[in-house]
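> with the input below, show me the fold.
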Amino acid sequence: MLVDYHVHTFLCKHATGVPDEYVDTAIRNGISEIGFSDHCPWPSGFDSKYRMIPCEFNSYRKIISDLKEKYREYVNVKFGLEVDWVPGRMDEVFQNLDSEDFDYLIGSVHYTDEFPFDNPDSIGKWEEKGVADKVWHRYFELVLQMVQSGKFNIIGHFDLPKKFGHYPASMDKVNKFILEIFSVAFGNNMAIELNTSGLRKPVREIYPSLEILKLARKCNLMITLGSDSHAPDEVAANFADAVNLAKSAGYTHICSFDKRMPKLQAIG
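The predicted model follows:
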């Protein structure tokens, strides 16, 4: 069984095509479940250039509901959302999300405070002295806060700061932090996604790396799959590579979600 739980829509303002095209691609690729997880519109005004606005969320919900019904004989369509962890503003986020009937929520970090570290428009800042160490440390501080909240099912693109090929001076210190995060995530019944979009980025590597994935396996953390597709032809892209990576780390099962409840499935 294979799932793709990280799929965006045109509502995020930086994805192409229509949702039906994404579903069609999933069906052609033999995907059992396709989960839409577009960018959360809350907190209001946060990173608004790259996500739907709050008044569009009802349209998003209806799009997914209609797809579930239209394609139910061919593929399971899941209702998800990718939610940024924004310190000090998460009360507003969950006031709007807690009543929704999601199948899962992906928790992500794209900003270390004011720095949108994965945005190509800000790539120059990475060249400043000491920035890599600061970003990697702060990133995992925020990811730890996110998993401690108990609000999420999946950790999105776990080592995203590597996107442009920048790393901290010592991964040993980072790995100790990662083990703490994985311990908390395991206690909260979370999964980490194997996100193949890294293969389409300058780093040319799946998120997370094999070394980090082995740490996840050591902590008995579940895994799931996501293409982070922003175009129909990216659905399930490089999933053979993701499966090989999972097996190399010692995994034999992936995790699916239904109404926020995880279920282990043998890797297809």
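
> could you pull out the helices in the protein for me?
19-28, 57-70, 90-97, 131-148, 171-187, 210-218, 239-248 (DSSP state H).

> average pLDDT for the first one?
Across helix 19-28, the average pLDDT comes to 98.

> show me what the lengthiest strand in the chain is packed up against.
Assignment by DSSP state E gives strand 76-84 as the longest strand of the chain. Judged by 3 or more C-beta pairs under 8 Å, 6 or more residues apart in numbering; DSSP states H and E, the packing partners of strand 76-84 are strand 3-7, strand 33-36, helix 57-70, helix 90-97, strand 104-108, strand 253-258. C-beta here means a position set from N, CA and C on the backbone, and glycine is covered the same way.

> K125: which of these is closest?
strand 104-108 (19.6 Å; C-beta to C-beta).

> what's in contact with that closest one?
5-6, 35, 37, 78, 80-85, 97, 143, 146-147, 149, 151-157, 160, 193, 226, 257, 260 (C-beta atoms under 8 Å, 6 or more residues apart in numbering).

> check stretch 183-195 too.
5-6, 106, 144, 147-148, 150, 152-158, 182, 206-208, 213, 216, 219-228, 242, 245-246, 255, 257, 262.

> give me the buried entries from these.
Buried members of those, scored by 16 or more other C-beta atoms under 10 Å, are 5-6, 106, 144, 147, 152-158, 182, 206-208, 213, 216, 219, 221-228, 242, 245-246, 255, 257, 262.

> ok so, going back, P232: which of the helices of the chain is closest?
Closest among those, using C-beta to C-beta: helix 19-28, at 3.8 Å.

> who are the packing partners of that closest one?
strand 33-36, helix 57-70.

> and stretch 141-157, end to end?
Length of stretch 141-157, first residue to last, C-alpha to C-alpha, to the nearest Å: 15 Å.

> that stretch: how far from the chain's middle?
11 Å (C-alpha atoms, centre = their mean, to the nearest Å).

> tell me which residue is most central in the chain.
G156 (2.7 Å; C-alpha atoms, centre = their mean).

> what is the spatially closest residue to that residue that is not a sequence neighbour paired to in the beta sheet?
Nearest residue to G156, sequence neighbours excluded (C-beta to C-beta, 6 or more residues apart in numbering): S108, at 3.7 Å. Assessed by DSSP bridges, S108 has beta-bridge partners D84.

> hang on, the earlier thing: please identify the most buried of the helices and strands packed on strand 76-84.
strand 3-7 (a mean of 29; mean count of other C-beta atoms under 10 Å).

> hmm, who's touching it?
22, 26, 31-37, 78, 80, 82, 104, 106, 154, 156, 193, 195, 197, 224-229, 235-236, 239, 254, 256-257, 265.

> swap in stretch 211-224?
3, 5, 154, 158-159, 171, 175, 178-179, 182-183, 185-186, 189-194, 208, 245-246, 248-251, 253-257, 262, 264.

> quick check: buried residues in the one helix or strand in the chain whose mean pLDDT sits lowest?
When each helix and strand of the chain is scored by mean pLDDT, DSSP states H and E, helix 171-187 comes last, with a mean of 94. Of all the residues in helix 171-187, those buried under the rule 16+ other C-beta under 10 Å are V174, F177, I178, I181, F182, V184, A185, F186.

> apart from its neighbours in sequence, what residue is nearest the third one?
Yep, that's I178 we're talking about. L215 (5.7 Å).

> burial count for that neighbour?
When neighbours are defined as other C-beta atoms under 10 Å, L215 has 19 of them.

> now do it against F177, distance only.
11 Å (C-beta to C-beta, to the nearest Å).

> contacting residues around the residue nearest to the centre of the chain?
When contacts are taken as C-beta under 8 Å, 6+ apart, G156 is in contact with H6, E82, I106, G107, S108, E193, N195, G226.

> for T25, see how far away it is.
Look at G156 and T25: by C-beta to C-beta, they are 21 Å apart.

> and for D84?
D84 is 26 Å from T25, by C-beta to C-beta.

> what of V243?
From V243 to T25 the distance is 18 Å (C-beta to C-beta).

> ditto for A216
Taken as C-beta to C-beta, the span from A216 to T25 is 28 Å.
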